[in-house]
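Novice: Structure for this input, please:
(one chain, ligands or ions: 2)
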Amino acid sequence: MDIKVESLTKNYKKEKLDIEVLKDISFTIASGQKIIFNGPSGAGKSTLIHILGLMERPTSGKVYIGNIDCFIGDDKYLCDMRKKNIGFIFQFHYLMPDFTVLENILLPVWSEKNIKFKQAQDILTKVGLLHRQDHFPNMLSGGEQQRVAFARAFINNPKIIFADEPTGNLDKDTGLIIESLLFESSLQTGVTIVLVTHDEKLNSKADRVIKIVNGEICTI
Ligand SMILES: Nc1ncnc2c1ncn2[C@@H]1O[C@H](COP(=O)(O)OP(=O)(O)OP(=O)(O)O)[C@@H](O)[C@H]1O
Ligand SMILES: [Mg+2]
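Specialist: Ligands and ions are numbered 1, 2, ... in the order given. Here you go, the predicted structure:
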């Protein structure tokens with residue numbers, strides 16, 4: 001699925017302070033492309049991919065996903081759109097501690113969990129954790145927990161995966177393995193991947209690297 005962003009801005013207002021986080025950002029990502037965003041801390045990368053992932057609304061501008069002008073919809077519409085098309089991997093995995101590994105993967109599709117059970121096990125096999133399916137998150141290492149979060153992002157067969165420094169809390173080597181798994185993912189072919197990472201080793205695997213500096217796309 002492709003993504004088109006037109007003149008996107010995001011401001012946060014707090015009392016007299018008006019913070020301009022994103023300033024007139026425009027770009028297009030073709031369906032199936034793998035894109036990396038990087039740039040200094042505070043540049044606006046998380047804000048941008050939260051908006052692209054339809055979790056936050058922009059101040060102005062348009063986001064088209066598969067030619068649909070997303071933000072003209074209400075919150076329920078955005079939620080349905082996310083459920084149908086989007087998988088999101090957060091920097092901190094946000095697994096639910098009282099649910100097992102398998103249940104955590106099924107959470108985004110809980111109402112269909114009986115139908116999705118086999119698919120969840122297949123995904124777990126691909127990330128090498130089927131034997132841990134009945135364990136709880138606190139029984140897993142950080143890298144294993146992140147692999148579960150990774151698996152969870154695929155359970156709704158998303159057409160776009162967003163990942164915001166998904167390995168930020170892991171050691172460098174484990175982090176690189178997980179990000180490589182994302183880029184070389186055999187979990188689903190043709191999926192558009194948008195990754196925020198500082199790992200330059202991954203740049204050569206991306207179709208494009210977009211640098212964000214001070215809320216703008218840096219072209220130099
Ligand atoms: N809810 C908010 N209210 C006010 N300011 C905010 C809010 N969310 C983010 N910001 C500000 O927006 C700017 C960009 O934040 P963002 O999290 O997008 O940066 P980032 O590029 O992801 O940084 P990092 O690499 O540190 O994760 C920061 O200055 C931040 O303080
Ligand atoms: Mg961030």
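Novice: that's a helix at F117, yeah?
Specialist: Yes - looking at F117 with DSSP: H, G, I helix; E, B strand; the rest coil, it is inside a helix.
Novice: Please enumerate the strands of this protein.
Specialist: Along the chain, counting by DSSP state E, strands occupy 3-14, 17-29, 34-38, 60-65, 68-69, 86-89, 160-164, 192-196, 208-213, 216-218.
Novice: and this structure, which residues reach ligand 1?
Specialist: 12, 19, 21, 41-47 (Cβ under 6 Å from any ligand atom). To be clear about C-beta, it is placed using only N, CA and C from the backbone, and glycine gets the same treatment.
Novice: ok, of these, which come out buried?
Specialist: 21, 43-47 (16 or more other Cβ atoms under 10 Å).
Novice: Just the ones of these in helices?
Specialist: 45-47 (DSSP state H).
Novice: Closest to Q133 out of the residues you listed?
Specialist: Minimum distance to Q133 across these is 30.8 Å, recorded for S46 (Cβ to Cβ).
Novice: So that closest one sits against V196, correct?
Specialist: Yes - using Cβ atoms under 8 Å, S46 is in contact with V196, at 6.9 Å.
Novice: tell me, what's touching these two both at once?
Specialist: Applying Cβ atoms under 8 Å, 6 or more residues apart in numbering, one finds that S46 and V196 are jointly contacted by D164.
Novice: Just the pLDDT for the residue nearest to the spatial centre of the chain.
Specialist: Against the mean C-alpha coordinate of the chain, by Cα atoms, centre = their mean, the closest residue is F162 at 2.0 Å. pLDDT recorded at F162 is 95.
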